[in-house]
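**Student:** using only what follows, build the 3D model:
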Amino acid sequence: MTNETDDRSLSEQIRELDPQGAVDRLENLPDTEIAQTLSDLGPGHAIDILEKFSPERRAQIAAATKSGEGEQWLKD
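**Tutor:** Numbering: from 1, shown residues only. Next comes the predicted model:
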């Protein structure tokens, strides 16, 4: 028995989920890993998911982006 998701990146797995499902999958990960995953998805999808986190956690995840795009996510 194989698990297909083991061969796919986290961002590919998250891309297939609705925003709440994505949060459920991501919420126990470090902010830096969530930020990288959201960066891989693109701004529209990232914002949809980020909005499902608490305001405090949103700010932490946004601050964890490497290139600062997380700050833009909070403004959009």
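
**Student:** who touches the strand or helix carrying residue 12?
**Tutor:** Residue 12 belongs to helix 10-15 when elements are defined using DSSP states H and E. Here helix 10-15 makes contact (CB atoms under 8 Å, 6 or more residues apart in numbering) with 5, 22, 25, 26, 33, 37, 40, 41, 45, 49. Where C-beta positions appear, they are placed from N, C-alpha and C, glycine not excepted.

**Student:** among those, which ones are buried?
**Tutor:** Using 16 or more other CB atoms under 10 Å as the burial test, these include 22, 25, 26, 37, 41, 45, 49 as buried.

**Student:** let me know whether the first one touches residue 52 as I believe.
**Tutor:** What that stands for is residue 22. Yes. Counting by CB atoms under 8 Å, residue 52 is a contact partner of residue 22 at 7.5 Å.

**Student:** grab the nearest non-local neighbour of residue 40.
**Tutor:** residue 11 (3.7 Å; CB to CB, 6 or more residues apart in numbering).

**Student:** next one: the one you found, what pLDDT does it get?
**Tutor:** The pLDDT attached to residue 11 in the predicted structure is 93.

**Student:** how about the one 4 residues further on?
**Tutor:** For residue 15, the model assigns a pLDDT of 94.

**Student:** check the one 5 residues further on too.
**Tutor:** What the model reports as pLDDT for residue 20 is 97.

**Student:** look up how far residue 48 lies from it.
**Tutor:** 10 Å (CB to CB, to the nearest Å).
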